[in-house]
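Novice: Any chance you could fold what I've pasted below:
(4 chains)
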There are 2 protein chains.
Amino acid sequence: MYTPSVHFVQILKRYRQGKSISCNRPGAVMKAKTSDRISGQDAGPPADGERPTLKTIAFMAGLGVTTVSRALKDAPEIGQATKNRVQLIAKQIGYRPNRAGVRLRTGKTNVISLVLNAQSEIMGLTSNMVYGITEVLSETPYHLTVTPYSVENDPMQPIRYIVETGSADGIIMSRTEPNDARVRYLTEHGIPFATHGRTEMGIEHPFHDFDNEAFAYRAVKSLGERGRRKVAMLAGPSPSVTYYRHLDRGFARAIGEGGVGSVSFSGIDVDTSLASIRDRMVEIMSGASRPDGIVCCSGSAAIAIVAGIEAAGLKIGEDVDLASKQSTDVLKWFRPQIIVFNEDVRQAGRELARAVLGRISGRDAKDLQTLSYPGESND
Amino acid sequence: MYTPSVHFVQILKRYRQGKSISCNRPGAVMKAKTSDRISGQDAGPPADGERPTLKTIAFMAGLGVTTVSRALKDAPEIGQATKNRVQLIAKQIGYRPNRAGVRLRTGKTNVISLVLNAQSEIMGLTSNMVYGITEVLSETPYHLTVTPYSVENDPMQPIRYIVETGSADGIIMSRTEPNDARVRYLTEHGIPFATHGRTEMGIEHPFHDFDNEAFAYRAVKSLGERGRRKVAMLAGPSPSVTYYRHLDRGFARAIGEGGVGSVSFSGIDVDTSLASIRDRMVEIMSGASRPDGIVCCSGSAAIAIVAGIEAAGLKIGEDVDLASKQSTDVLKWFRPQIIVFNEDVRQAGRELARAVLGRISGRDAKDLQTLSYPGESND
DNA sequence: TCCCAAATCTGAAACGTTACAGATAGGCTA
DNA sequence: TAGCCTATCTGTAACGTTTCAGATTTGGGA
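Specialist: Numbering: from 1, shown residues only, chains lettered A, B, ... in the order given. Now for the predicted structure:
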């Protein structure tokens, strides 16, 4: 049994009184920080107002920094009494580990990086994602940094930067593609990440996805139930982001089951500017083969579609029905007639945060894949 | 004149060939990193695949780390030829300073923290703010971290955390109050920051603000021009955030100039839930003393107001006019009849980023205060 | 010839943390 | 009594950077 000869309370007391004290170990006398030239570790209390470090606690407890470091992380080789003392002092003086010190020593950054496309902002998506993520991270030592890239730039650029500079322990990214270079790169480099959306590369990785296939399927079905017989979908530009494929698949499946026919939109997709969508919709809805039901996967595009429909002299809910995904309530307020399916982006943020953290702590990628389903909120 | 005896190209070449080489200084032979027990600094090249450090460059150039460190930051006491060599090598091997090392040594984090209220999200505000900020930061070594707090929490909590842990060099925050505890605290602690919105504390600090007084004033005037004679404003909860005061002031000034009378809304404000706003609007607009013009400072609240008005059987642009601030185009698409005034939040983000950076680099707070004016985008 | 100043460059120390390889004391065994 | 094991605790080194206080060389002046 190892018994420290001086109890910390005495030291703490004398320390608080500003007295020069000597420790239970040789050489441990109070002295100025800068004039510390002796090789021993317990050089003395820090100057007033400075942030407490392990050294501060070590001095106050009459222990070595190593012991303090271990005591604070509940290492098995530290006595229970010592742990209690150390943890109490740490709490009392408001000790917080210096992130730079930890990072330099261990390489662990305690940072999660959210990589975003700064252009493709669908109403409120980014905000809610950020809030969802931070909600989860706030209970951990992790911070969130945001690293956007513009469309003109290579999506790989921010990823490479993060990996090369080791500036994050994990990455969350969106606009996932079927064959995603970022996923491949990060997998090769063994960096934990989670994607919003799935890939089709045969690489298992953490993701969270909204079931867009289910959404498109149910959207068509809903339109059919309202007697619509000729529906169209505002799809994504063909081969890029994965979720566009899922939309197509769900749409095709619903159509394939019969009862409802389809026409296709040409010249526009969800990435087209709102003004172009509106203008094209006027043309389409004025034409002979106009659809009587429309599926749309973006709240803002839905607004442009409505504008076009009404500019063509038709009425939502009467001449034509619109079923759309929404991530904020705006659409419901906009035209109550719109059939809306909710995607909870904040929840997605939470799931994604949990997924990266899980991956960081070594959990299997397969157990970190979640899907959320469209919530039909109206009628 | 100090002349290194071995030119770096030779060293670099041999280094690249993996050959064991000896440097121009004694003791500088290639050896494994871990077995480095000699006190000299130039221990040898790092293991393959590891990130280059100053040591790597120092070894390759046949210089000391100190010299390399200084050469990279263009210190005056380093010869021009050496600077060129060092900078060339650094570029070639893709050297990037280790942030943890810098941070530990200098205390500089190279981080800007955006402190946000996670609840009061006005459509797209956060996203655009974030994008604006990162646009500016992307040309600097600064990273952006997001630190949200929930309404239930003390707004001071994240601020204290950042200051106590020294986790950022500068802070950007919103929902500025006339007498803002955060501003006082940060000023006392000498931490650079910029606020979105102004205070009324007599403390000079960097800010960016939208001129809400001008907005409210012009909104009332616009309504007057359309023949509206009894206008009301959906104001903020009285004493809190500064910009509500500016709204009141602008509104009062416009009313004071005559021609237009005012009625007041009771029971709701911009922070009320959208459903409550809608419900209350139905009551108000069904009453005898209903306004014929409404001023609203939030896009989402405007949507709820419109819903209420229409539920009461009235038409926007005919029975009543609505003038609202918007930060995305949604309102314009929602009801083209709404009189909208644009606030460019992305631009605000840019200004705020420039303001904190300016403060960090020691510029005077007074020179870092900007105001933006409502852009009337329709008619 | 000697010394000094200017121009360059240098190692050691420090920031705060953790990993490594012991140290120390007490109790127990033989 | 000597020796060993266990339970605790320890100092040193290292992560990569910058600062401090010198070193070293060269050229020039006395």
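Novice: Look at residue A:208 and give its secondary structure.
Specialist: Of the three states, residue A:208 takes strand under DSSP: H, G, I helix; E, B strand; the rest coil.
Novice: Give me the neighbour count for it.
Specialist: For residue A:208, the neighbour count with other C-beta atoms under 10 Å in any protein chain shown is 25. All C-beta spots, glycine's among them, are computed from the backbone N, C-alpha and C.
Novice: Could you check how far the nearest residue in space to it that is not next to it in sequence is from chain B?
Specialist: Nearest residue to residue A:208 in three dimensions, chain neighbours excluded: residue A:351, at 4.0 Å (C-beta to C-beta, 6 or more residues apart in numbering or on different chains). For residue A:351, the distance to chain B (C-beta to the nearest C-beta, to the nearest Å) stands at 17 Å.
Novice: mind listing what residue A:351 touches?
Specialist: Going by C-beta atoms under 8 Å, 6 or more residues apart in numbering or on different chains, residue A:351 touches A:132, A:208, A:370, A:372.
Novice: The second one and DNA strand C: what is the separation?
Specialist: Spelled out, that is residue A:208. Residue A:208 sits 31 Å away from DNA strand C, going by C-beta to the nearest atom of the strand, to the nearest Å.
Novice: what's the answer for the first one, then?
Specialist: For residue A:132, the distance to DNA strand C (C-beta to the nearest atom of the strand) stands at 28 Å.
Novice: check contacts around that residue.
Specialist: Residue A:132 neighbours (C-beta under 8 Å, 6+ apart): A:345-353.
Novice: Can you list which of those residues are found in strands?
Specialist: Judged by DSSP state E, strands contain none of these.
Novice: In a markdown table, list those along with pLDDT.
Specialist: Converted to a markdown table, those look like this (pLDDT from 0 to 100):
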| residue | pLDDT |
| --- | --- |
| A:345 | 93 |
| A:346 | 93 |
| A:347 | 96 |
| A:348 | 96 |
| A:349 | 97 |
| A:350 | 97 |
| A:351 | 98 |
| A:352 | 98 |
| A:353 | 98 |
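Novice: now chain A, which segments are flagged as low pLDDT?
Specialist: A:1-49, A:120-123, A:151, A:238-239, A:376-379 (pLDDT under 70).
Novice: How many residues are close by the spatially closest residue to residue A:369 that is not a sequence neighbour?
Specialist: Of all residues not flanking residue A:369 in the chain, residue A:207 sits nearest, at 5.4 Å (C-beta to C-beta, 6+ apart). Residue A:207: 23 surrounding residues under other C-beta under 10 Å.
Novice: do the same with the one 4 residues further on
Specialist: The criterion is other C-beta under 10 Å. On that basis, residue A:211 has 17 neighbouring residues.
Novice: do residue A:348 as well
Specialist: 25.
Novice: Go ahead and confirm it touches residue A:372.
Specialist: Yes - using C-beta atoms under 8 Å, residue A:348 is in contact with residue A:372, at 6.6 Å.
Novice: Find the residues that touch each one of those two.
Specialist: With C-beta under 8 Å, 6+ apart, residue A:348 and residue A:372 have common neighbours A:208, A:210.
Novice: The residue nearest to residue A:369 bridge partners, please.
Specialist: Under DSSP bridges, the beta-bridge partners of residue A:207 are residue A:195, residue A:369.
Novice: That one and residue A:372, how far apart?
Specialist: According to C-beta to C-beta, to the nearest Å, residue A:207 stands 11 Å off from residue A:372.
Novice: Residue A:311 too?
Specialist: As judged by C-beta to C-beta, residue A:311 and residue A:372 stand 34 Å apart.
Novice: Residue A:360 too?
Specialist: Here residue A:360 is placed at a distance of 22 Å from residue A:372 (C-beta to C-beta).
Novice: where do the helices sit along the stretch 101-250 of chain A?
Specialist: For the stretch 101-250 of chain A, the helices defined by DSSP state H, counting those that start in this stretch cover A:125-137, A:156-165, A:181-189, A:212-225, A:242-256.
Novice: contact partners of the last one?
Specialist: Around helix A:242-256, the neighbours that count as contacts under C-beta under 8 Å, 6+ apart are A:176-178, A:197-200, A:209-221, A:224, A:231, A:233, A:235-238, A:260-262, A:270, A:295, A:297.
Novice: any idea how far that helix is from the chain center?
Specialist: On the basis of C-alpha atoms, centre = their mean, to the nearest Å, helix A:242-256 sits 26 Å off its chain's mean C-alpha point.
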